[in-house]
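Asks: Show me how the following folds:
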Amino acid sequence: MGDYPLIEDHGLIGDLQTAALVTTNGTIDWYCTPRFDSPSIFGALLDSEKGGHFKVTPTDKTYSTKQLYLPDTAILVTRFMTESGAGEVIDFMPVTGTSATDRHRLVRLLRCVRGSLTFDVDIAPRFDYGRKPHKLHFTEKGAVFEAEGMELTVHAVREPEDVRLVPVFFGDDQDLHFKLTLQAGQERGVVIETFADGPPRHITHSEFVELFEETVQFWRSWLHQSRYSGRWREAVERSAVTLKLMTYAPSGALVAAPTAGLPEQLGGERNWDYRFTWIRDASFSVYALLGLGFTEEAAAFTGWLRDRVHEQADRAGDLCPLNIMYRVDGSSDLVEETLDHWEGYAGSSPVRVGNGAATQLQLDIYGEALDSIFFAHERGIQLDHRGWSSLRTLLDWLSDHWDQPEEGLWETRGGRKDFTYGRVMSWVAFDRALRLAVASGRPASLARWSTERDKVYEQVMARGWDPERRAFVQHYGSDVLDSSLLRMSTVGFITPADPMWTSTLDAMDRELVNDSLVYRYNPEASPDGLRGSEGTFSLCTFTYVDALARAGRLNQSRLVLEKMLTYANHLGLYSEEIDLTGRQLGNFPQAFTHLAFIDTALTLDRELNRSETDGERDSGEGAGAFL
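Replies: Next up, the predicted model:
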């Protein structure tokens, strides 16, 4: 098994149609193009020998390294310090715009800032997840990698009169390998481009500067729209930029993560492809982005969601009107396959692409969709007639189908159950639809929706509550706790001060919380059809903070949040999970985690401000944690 960087030892760059991961040692080990969900060109993240990479690293292997983003941008700087000198690699992707294109550029500028530094550069693509061979063609000004259906052009960044520091390219293995020695003040660069409109060429320093400054201006102008000025501004704005990097601009869709196959347990089988758009994640993004002031992005996500509702409303009579996830262009072909020729991250196999959970029945998505549409409506992003007609079709379907077993939001593969969270969110769907109908004066099946809403409520209170545990449970007939239910008070199903809710919070404190980190559920107590275990789920930790804040446990809530912030990587990024050692696990970075953090920061800021204004005192729960 080859060497693998820690999952958290990566930064993310992108152009709003695809993205790449860059390690702290200067290697691009994950890059799919022309879209997030396209096959990889560089995939060493999932097979260090066969996956392909673009490596820029000092020849002197005793270097130390630091990595940072240029402030308020998605431009990544990886710095190297050696005995002979210091240098840096500046990585970014010029933003492509809102029209889908196969042409994408990835810019890497190498610079020596002190002394002298020699870089080893390897460009070793492996097309179509390493399944397609390629040919390498040299020219005086660069090179072209050709594979069936794909071209990758390598341009050199240099002035025509510059001394040639790399006189010979060589690549007997059809890859590029060369050394580049720079003195203080010197810089050179490489631009790799898919489906270039011409042969390799020299990109002058002035052209590079123009690309660089345009990219800086784009990100700073975009981030300037943020209205957030709370206690965690730097972390919140980094999360916002990260979410923007995971947005497919032509459709407004947000991918759950730009990666596939990263394990929830090292060596385990919980290795999923997250390069798609979940109805749930798209819905959550509306709250976060509107909360920060990014109205245009929230409107785009809402539009994408409405398009999916329209499509399914036109197919009345299907099993259910919405899939749980789609490709970024709205298509629904997500056939799952395994890449058996790859060993997986640190030997974690199988490596899966596509996602077989796409056709699962998950009833919670209707509540999340309606809640976000209602939230957007209140802030001026309103439904047209066709949109309302499609929602009526969706709600009529839900009226007939909410009371049935399902797979649940965690996409378990152990059979359908009557998940409490799915019922709670069905209640939300009916409740928000009723509010929308009344607020807008639109025709609706008010009596029917109201009856079904009340039925859901009574059922959850009767069957989702375990009187012996004094807690709401994962599914009917079980005593298993599930942290998805932390959102019950957030969505208004139960008030934060209700004794049934506070005792549920206490039960979760005892069973699912470990030094502030929160597990989704206990898979041993509730088998989910998969082998192995998993780490704490970062989304759930932030949801826990939110629930504590709403319950008035502000000291405890703030302490848990501050602890959680220490688990971010050096750039402020989060994957899906955290193991006992503090190592990040799962696909990276994960949109759901960053969305939850933004929501939580907004909630906790609001509650702390209210407490300070009103002179209220915290209950003190959790304040004695250090005694």
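Asks: Verify the stated contact: Tyr521 with Asp479.
Replies: No: with contact defined as Cβ atoms under 8 Å, Tyr521 and Asp479 do not form a contacting pair (11.6 Å). The C-beta positions use only the backbone N, C-alpha and C, and glycine is treated the same way.
Asks: So the two - more neighbours on which side?
Replies: Shown here are Tyr521 and Asp479; by other Cβ atoms under 10 Å, Tyr521 has more neighbours (26 against 13).
Asks: show me the contacts for the more buried one.
Replies: The neighbours of Tyr521, taking Cβ atoms under 8 Å, 6 or more residues apart in numbering as the test, are 410, 474, 480-483, 512.
Asks: And Met93, by the same measure?
Replies: Per Cβ under 8 Å, 6+ apart, neighbours of Met93: 13-15, 18-20, 104-107, 215.
Asks: Report the contact partners of the residue lying closest to it once chain neighbours are set aside.
Replies: Leaving aside its sequence neighbours, Met93 sits nearest to Asp15 (Cβ to Cβ, 6 or more residues apart in numbering; 3.9 Å). Residues counted as contacts of Asp15 (Cβ under 8 Å, 6+ apart) are 93-96, 104-105.
Asks: can you confirm Ile365 is in a strand?
Replies: No: going by DSSP: H, G, I helix; E, B strand; the rest coil, the assignment for Ile365 is helix, not a strand.
Asks: Pull the number of nearby residues for the closest residue to it other than its chain neighbours.
Replies: Distances taken as Cβ to Cβ, 6+ apart place Ile279 nearest to Ile365, at 4.3 Å, with adjacent residues excluded. Neighbours of Ile279 under the rule other Cβ under 10 Å: 23.
Asks: show me what contacts Ile279?
Replies: Going by Cβ under 8 Å, 6+ apart, Ile279 touches 305, 308, 322-326, 365, 368-369.
Asks: Tell me which of these fall in strands.
Replies: If you go by DSSP state E, the contacts of Ile279 have 325-326 in strands.
Asks: Between which two of the contacts of Ile279 is the distance greatest?
Replies: Farthest apart among the contacts of Ile279 by Cβ to Cβ are Tyr326 and Glu368. That separation is 14.6 Å.
Asks: between these two, who's got more neighbours?
Replies: Glu368 (27 against 24).
Asks: after the helix or strand harbouring Glu151, next one along is what?
Replies: Element membership for Glu151, per DSSP states H and E: strand 150-157. Going down the chain from strand 150-157, the next helix or strand is strand 176-183, by DSSP H and E.
Asks: what bits of the stretch 451-600 of the chain have low per-residue confidence?
Replies: 523, 525-533 (pLDDT under 70).
Asks: and if you look at the stretch 151-300 of the chain?
Replies: In the stretch 151-300 of the chain, residues with pLDDT under 70: 161-172.
Asks: Swap in 80 and give it another go.
Replies: The model of the stretch 151-300 of the chain has pLDDT under 80 over residues 159-173.
Asks: Could you do the stretch 301-450 of the chain as well?
Replies: Using pLDDT under 80, the stretch 301-450 of the chain drops low at 312-321, 412-414.
Asks: Just the helices from it, written as ranges.
Replies: 364-378, 385-401, 420-440, 446-463 (DSSP state H, counting those that start in this stretch).
Asks: closest to Thr502 out of those helices?
Replies: Of all these, helix 446-463 comes closest under Cβ to Cβ, at 15.7 Å.
Asks: Give the buried residues for the lengthiest strand in the chain.
Replies: Counting residues, the longest strand found in the chain (DSSP E) is strand 104-124. For strand 104-124, the neighbour count (16 or more other Cβ atoms under 10 Å) marks 104-113, 117-124 as buried.
Asks: Show the subsequent helix or strand relative to it.
Replies: Past strand 104-124, the next helix or strand by DSSP H and E is helix 127-130.
Asks: For that following helix, which helices and strands make contact with it?
Replies: When contacts are defined as 3 or more Cβ pairs under 8 Å, 6 or more residues apart in numbering; DSSP states H and E, helix 127-130 sits against strand 40-42, strand 142-147.
Asks: Could you list every helix and strand in contact with the helix or strand following the first one?
Replies: Pointing back at strand 40-42 there. Once the chain leaves strand 40-42, the next helix or strand it forms, by DSSP H and E, is strand 53-58. The helices and strands touching strand 53-58, judged by 3+ Cβ pairs under 8 Å, 6+ apart, are strand 27-32, strand 104-124.
Asks: Next, the angle strand 150-157 makes with the first one.
Replies: Angle, strand 27-32 to strand 150-157, by axes from the mean of the first three to the mean of the last three Cα atoms, to 10 degrees: 140 degrees.
Asks: just checking, Ser121 touches Leu182?
Replies: For the record, residue 121 is Val, not Ser. No: using Cβ under 8 Å, Val121 is not in contact with Leu182; the gap is 11.6 Å.
Asks: shared neighbours of those two, anything?
Replies: Leu110.
Asks: Bridged to Cys112, which residues?
Replies: Gly87 (DSSP bridges).
Asks: thinking again about what came up before, so which of the helices and strands packed on strand 53-58 is nearest Ala497?
Replies: The nearest among the helices and strands packed on strand 53-58, by Cβ to Cβ, is strand 27-32 at 46.1 Å.
Asks: Show me the contact partners of that closest one.
Replies: 5, 10, 18-23, 38-46, 48, 51, 53-57, 91, 106, 258-259, 275.
Asks: Name every strand pairing with it and say which way it goes.
Replies: strand 19-23 (antiparallel), strand 40-42 (antiparallel), strand 53-58 (antiparallel).
Asks: How far off centre is the first one?
Replies: Translated: strand 19-23. 14 Å (Cα atoms, centre = their mean, to the nearest Å).
Asks: just curious, which of the contacts of Met93 is nearest to Asp614?
Replies: The nearest one, if we look at the contacts of Met93 relative to Asp614 and count by Cβ to Cβ, is Gly14, at 43.0 Å.
Asks: Contact partners for that closest one?
Replies: By Cβ under 8 Å, 6+ apart, the neighbours of Gly14 are 20, 74, 93, 245-246, 258.
Asks: of the residues you listed, buried ones?
Replies: 20, 74, 93, 245-246, 258.
Asks: Of those residues, just say which sits nearest to Arg463.
Replies: Taking these together and measuring to Arg463 by Cβ to Cβ, the closest member is Met246, at 37.5 Å.
Asks: Does that closest one touch Leu16 like I think?
Replies: No: using Cβ under 8 Å, Met246 is not in contact with Leu16, being 9.1 Å away.
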